[in-house]
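Enquirer: My questions are about this predicted structure, shown below with the sequence.
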Amino acid sequence: MDSMRTASARMELLAAIDAQFDVENRVDKDGSVWVSVGKDRLFDLLGFAKNAGFEHCSSISVTDWPEDEVFELTYHLWSYRDKILLTVKSQIDRREPIVTSAIPLWGPSAQIHERELHELFGVRFEGNPDLAPLFLENWEGPPPFRKDFDWREFVRKEFYDEGNPREQGYWG
Amino acid sequence: MAIGVIPQLIKNLFSRPMTVRFPHEAIPIPDGYRGEHAYDVGSCTSCTLCARVCPNRAIEMVKAPEEHREKYPKTYPQIDLGKCCFCGLCQDICASGAMKLTKGFFLSTNDRATVLRPPFASSEQD
Amino acid sequence: MRATPVNRVTGADGITEGCRTEDGFDLYFGPVHPGSGNFGVKLTVRGEEVVAARADPGYLHRGFEKLMEYRTPMQNSVLSDRLCILESLNWNLVHAEAVDRLHDTEIPDRAKYIRVIMAELSRIQSHIIWYGVLSKALGFDTGFKVAFGYRDYVLDLFEFVTGGRVYPAGYICPGGVRRDFPKGTKERIRELLTKMEKMSREFEAYDNATIRTRVKGIGVLALDDAIRLGATGPVLRASGLAADVRRDAPYEVYDKLDFEIPVHEEGDAYARSIIQRREIEESIKIIRQALEQLPAEELPPVKPKAAGKIPEGEVYVRNEIARGEAGVYMKSVGESHPYRCKIRGPDFLHMIPVLEHLLVGAEVADVPAIYWSLNICPADMDR
């Protein structure tokens, strides 16, 4: 399923990452490369990836680990030239989630992903000029996609009616 | 080969319309259509799997009404068609074949009380 | 020469209040469902020229990523058709692939071919809608009515196979497909493909000078802008890059099928509308080949299970859906629900950065043509 060129490009990429960065990496069954890096070298690694041909930022995501008190950032990058999928993972402090924005590397596509994550998880991206709310209007509560936001309680209080026979299943 | 818009539009003018004059003519509904539920309380074993697999919690297990309680001592599914998305997972998971989806799709109603389908017809539930 | 964009941000979500300002007149394009989808853009207009555009998303935000954390994979499969209902089977497929990758299951070959056939039919149906709404936006009502008339034949086939016309209820589910093709499906699909070819010829015939004037040279997206703004799918291919996930990172049985990727260099709305018609023809070719190669084995239906844990792990699956590149990042810690399910919709990039970039400097009368030529679907933007 993998062409010779992609396989050799992947070997070169792994060698280059190992040479410059001290990170753990693995290659999945389908050929995608997963790299975990500390927050201090995250921006350097992303810059290296951009220069190595990863010009498409497919998605930026945040996973909430409340017991470990970290947010895990995942950057999924795709190279049109070498056809490799690279995922960069990094953990940041959950109490003060601040990270440098990836806008200098991928421009508006990174900006819009960061804006969404700021609204839904509360992560602040420094260097992002526009972190205005995206989906929710007049939202006063905590960032709603965090694990400690009890959305069932919120929906029950705001929208459900105890006297309605069709909503009995939700009250206890 | 493009034959130009005007000849094609004239062809459309004289060809048969695509629409079907429902309800005078109808397209037959195929088997396997996921419509209204048909529940057979005689085959039900009260395993409660249908209530657990429903993605929208549209099925609630309720006790039988007084007059049936002796013969049917356990709990039985009550379906809220307003929440149901007609996915058919309850039909697929029912091992005894008591829960099936039929071809009925005339479900619009002006009366909200008909939206809740109790397991025993025409009785008050607990 | 484009005017310098002015993006004043006064309201909390970036939508300014008031209408007449020194820079121009604020004009809301949408949100009206038959006119602009469940999505609006706020334009600042000076005379006939748009000087600033601000997207206003969020009307269809249902919180899928959070909803999916509380449901088992089979229930999530039913939910995944609503990620973008216009191409529901394609989204079923992305989600099913993510769960299959975590479980590391071997899908039977017949199920893979059925998945590809249904996904390509869903792509054809989505492009028919694209053709219809683009025609409607340009005022060409005949194209709209003809397109939606032909789309009904595809929906009748979906009803025959999956049980529902528009909502297949997770037909493509983790483990294969929910039920095998009923008897007579292959003949019905072949009849449908004949009708689709007839429709394709009609769409070519409707391509007249009036429509061309309204879309040629409008909404030009240069290639480096397209990559920087995150465009994928037909929008990127119309700007000159032959990138298609089915070719670059083949999934299911696409590596065994022979098809071309239509590419254009101009990047305007006309190029995008040509690509949409070519892709319908390519999908017809794919379905024909898949029907030939369909193995004739017995396929048991996939039944939902009441309990079952997802193995630990994480995976990022990319698929080529009708609108572009769809991605699902699923992380599991060994429970029966996914721990995190991040969904990347192509329209998230098309409707906010790309649209705002293209609308600046355009004339007000060209706004519908640019808007609908991007094949927007607010559902997978908002999720």
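Expert: Okay, I see it. All values derive from a computational prediction rather than experimental measurement.

Enquirer: The one helix or strand C:Leu102 maps to packs against which elements?
Expert: Element membership for C:Leu102 (DSSP states H and E) is helix C:88-103. Counting by 3 or more CB pairs under 8 Å, 6 or more residues apart in numbering or on different chains; DSSP states H and E, the packing neighbours recorded for helix C:88-103 are helix C:73-80, helix C:109-138, strand C:172-173, strand C:313-321, strand C:324-332. In this view, the C-beta of every residue, glycine as well, is placed from N, C-alpha and C.

Enquirer: any idea of the mean pLDDT for the longest helix along chain A?
Expert: In chain A, with assignment by DSSP state H, the single longest helix is helix A:4-20. In this model, helix A:4-20 has an average pLDDT of 78.

Enquirer: quick check, that helix touching chain C?
Expert: No. Contact of helix A:4-20 with chain C (CB under 8 Å from any CB of the partner chain) is absent, the minimum separation being 9.2 Å.

Enquirer: what's the offset of that helix from the middle of its chain?
Expert: The gap between where helix A:4-20 is centred and where its chain is centred comes out at 24 Å by CA atoms, centre = their mean, to the nearest Å.

Enquirer: What lies in contact with it?
Expert: Identification of contacts with helix A:4-20 by CB atoms under 8 Å, 6 or more residues apart in numbering or on different chains yields A:23, A:25, A:27, A:31, A:33, A:35, A:45, A:48, A:52, A:79, A:82-84, A:86.

Enquirer: Now do the buried residues in it.
Expert: Buried residues in helix A:4-20, counted by 16 or more other CB atoms under 10 Å in any protein chain shown: A:6, A:9-10, A:13-14, A:17.

Enquirer: can I get the CA coordinates of stretch B:23-32 in PDB?
Expert: The C-alpha trace of stretch B:23-32 is given here as PDB (Å, rounded to 0.1, in the frame of the first residue of the first chain):
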ATOM      1  CA  PRO B  23     -51.500   9.500  -2.700                       C
ATOM      2  CA  HIS B  24     -53.100   8.400  -5.900                       C
ATOM      3  CA  GLU B  25     -49.900   6.600  -7.000                       C
ATOM      4  CA  ALA B  26     -47.200   5.600  -4.700                       C
ATOM      5  CA  ILE B  27     -43.700   4.100  -4.900                       C
ATOM      6  CA  PRO B  28     -43.700   0.800  -3.100                       C
ATOM      7  CA  ILE B  29     -41.900   0.800   0.300                       C
ATOM      8  CA  PRO B  30     -39.200  -1.900   0.300                       C
ATOM      9  CA  ASP B  31     -38.800  -4.600   3.000                       C
ATOM     10  CA  GLY B  32     -36.400  -3.500   5.600                       C
END
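
Enquirer: Please look at B:Thr48 and B:Thr75 and confirm they touch.
Expert: Yes. Using CB atoms under 8 Å, B:Thr48 is in contact with B:Thr75, at 7.2 Å.

Enquirer: Find the residues that touch each one of the two.
Expert: Both B:Thr48 and B:Thr75 are contacted by B:Met61, under the criterion CB under 8 Å, 6+ apart.

Enquirer: Please enumerate the helices of the stretch 251-383 of chain C.
Expert: Secondary structure of the stretch 251-383 of chain C by DSSP state H, counting those that start in this stretch: the helices cover C:269-293, C:346-349, C:355-359, C:367-373, C:378-382.

Enquirer: can you tell if the third one touches chain A?
Expert: Yes. Helix C:355-359 comes into contact with chain A when judged by CB under 8 Å from any CB, the residues involved being C:His357.

Enquirer: Just the buried positions in stretch B:27-43, please.
Expert: Buried, per 16+ other CB under 10 Å, within stretch B:27-43: B:30, B:32-37, B:39, B:41.

Enquirer: what's the offset of it from the middle of its chain?
Expert: The answer for stretch B:27-43 is 7 Å, by CA atoms, centre = their mean.

Enquirer: Could you confirm whether that stretch reaches chain C?
Expert: Yes. Interface with chain C: stretch B:27-43 contributes B:27, B:29-34 (CB under 8 Å from any CB).

Enquirer: hey, which helix is longest across chain B?
Expert: Among all segments of chain B classified by DSSP H, the helix with the greatest residue count is helix B:5-13.

Enquirer: And that helix, what does it pack against?
Expert: Checking 3+ CB pairs under 8 Å, 6+ apart, helix B:5-13 ends up next to helix C:141-162, helix C:185-205.
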